[in-house]
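Undergrad: Sequence first, predicted coordinates after that:
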Amino acid sequence: MNENQEMPDELSPADQPEPKQEPSENPAESRSRLIRNAAVAAVCILLLLPIAYLLLHRAPQRSVLAGLPAAAPADLTVAGLEEMVHSIPTVANRLNLSLAYIHDNRPGKAIPLLDSIVAEDGNNAVAWNNLCVAHTLQMAYNIAIDDCNRAIRIEPNLELAHNNLGWATDEKRKAIAAIATREQIAPASRDAGSWLAEGLDDLHVGNYDQAIHAWQQTLRLDAKNAYAANNIGTAYMMKKQPAIAMTWFEKAASMDPAMELAKNNLAWAKDEEAKAAKTGHRSK
């Protein structure tokens, strides 16, 4: 596990795009409030985005550099924003709710909202930038890098996206370095935990086959390791193979019947397989 993540420096207020403010709220106070609320960024397992259904693993810490295009009342809670989006699902309201989720250490809930926005308007640079933030917090570094690059192509001068691209790239570099360090250890002297950690780093940088191999080594040394079985299923989900993933989630659940994340992942895999069947692209 990456126990000690370095927190990058925050952007100065001048580096951040000026959100529109309600007349009653001072812009400087608004920026200060957003930065202060965003400073809490030690994210572990989140329950609504499948990539977070992994072994407990601390996410990189950072002051969130996500954009808020439209001001919301300062005292409006996440629940209040959810109700607002339910009643009036404008782009601005969804962006505000997605940012609130990120500030509340729930980037997994922000991602579907942001995905809905870019599905409607692929040129929304703020949404792509915020996806980069959420995916980096989820440690899906390759996806985050792609998100930031999309934002920059749309709006080359978006400083937030440039900073977040550097953040995601740096976290990916750290993960690759951690993998290289572990690979120097003689296989015969490695324990199950070492292979489990390597698999997570491989997954985070998009090396899904290598991650599967690492977790298979975990199971070789610890045949009842439900986390390894669950994580193999997650890797197959990232490879768009939900049918295979289901077998691994079922194994994880049988190894540890109390493991809710394996049950949640199994439901996720079944849902994705059902979607594939409807579209005629059933997985192998």
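TA: Structure's in. What do you need? Numbers count the residues shown, from 1 in each chain.
Undergrad: ok, W248 - contacts?
TA: A229, N230, I232, G233, Y236 (Cβ atoms under 8 Å, 6 or more residues apart in numbering). Just so you know, the C-beta spots here come from the backbone N, C-alpha and C atoms, and that holds for glycine as well.
Undergrad: pLDDT, neighbour count and distance to L261 added to the residues you listed, as a markdown table?
TA: Formatted as a markdown table, the contacts of W248 follow (pLDDT from 0 to 100; neighbours: other Cβ atoms under 10 Å; distance: Cβ to Cβ, whole Å):
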| residue | pLDDT | neighbour count | distance to L261 |
| --- | --- | --- | --- |
| A229 | 96 | 26 | 11 |
| N230 | 93 | 28 | 6 |
| I232 | 95 | 28 | 13 |
| G233 | 93 | 31 | 10 |
| Y236 | 92 | 23 | 15 |
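Undergrad: Looking at those, which is nearest E82?
TA: N230 (29.0 Å; Cβ to Cβ).
Undergrad: out of the contacts of W248, who's nearest I185?
TA: Looking across the contacts of W248 and measuring by Cβ to Cβ, the closest to I185 is I232, at 21.4 Å.
Undergrad: could you list every residue that touches the closest one?
TA: By Cβ under 8 Å, 6+ apart, the contact list for I232 reads A211, I212, W215, Q216, W248.
Undergrad: hang on, it in a helix?
TA: Yes: I232 sits within a helix when classified using DSSP: H, G, I helix; E, B strand; the rest coil.
Undergrad: all numbers from here: first residue = 20
TA: In the new count, where the first residue is 20, that last one comes out as I251.
Undergrad: now, among the contacts of W267, which is nearest to H122?
TA: Minimum distance to H122 across the contacts of W267 is 28.4 Å, recorded for N249 (Cβ to Cβ).
Undergrad: Just to check, the closest one is in contact with L285?
TA: No: using Cβ atoms under 8 Å, N249 makes no contact with L285, being 9.4 Å away.
Undergrad: The longest helix anywhere in the chain: what's the following helix or strand?
TA: In the chain, taking DSSP state H as the definition, the longest helix is helix 178-202. Following helix 178-202 in sequence order, the next helix or strand is helix 211-223 (DSSP states H and E).
Undergrad: can I assume E217 is in contact with A233?
TA: Yes: using Cβ under 8 Å, E217 is in contact with A233, at 4.5 Å.
Undergrad: Go ahead and name everything in contact with stretch 132-151.
TA: The contact list for stretch 132-151 (Cβ under 8 Å, 6+ apart) reads 36, 84-86, 88, 104, 110, 113-114, 116-118, 120-121, 129-130, 153, 163-164, 166-167, 169-171, 173-174, 177, 179-180, 183-184, 187.
Undergrad: pLDDT averaged over the longest helix of the chain - what is it?
TA: The pLDDT scores in helix 178-202 average 91.
Undergrad: Enumerate the positions of that helix that are buried.
TA: 178-184, 186-187, 190-191, 193-195, 197-198 (16 or more other Cβ atoms under 10 Å).
Undergrad: Out of these, the closest to L222 would be?
TA: Using Cβ to Cβ, the buried residues of helix 178-202 come closest to L222 at A194, 9.1 Å.
Undergrad: Grab the nearest non-local neighbour of that closest one.
TA: Of all residues not flanking A194 in the chain, D220 sits nearest, at 4.4 Å (Cβ to Cβ, 6 or more residues apart in numbering).
Undergrad: again with L215
TA: T237 is the one closest to L215 (Cβ to Cβ, 6+ apart), at 4.8 Å.
Undergrad: Helix or strand for the one you found, just tell me which one.
TA: Using DSSP H and E, T237 falls within helix 227-240.
Undergrad: Against which helices or strands is that helix packed?
TA: helix 211-223, helix 245-257 (3 or more Cβ pairs under 8 Å, 6 or more residues apart in numbering; DSSP states H and E).
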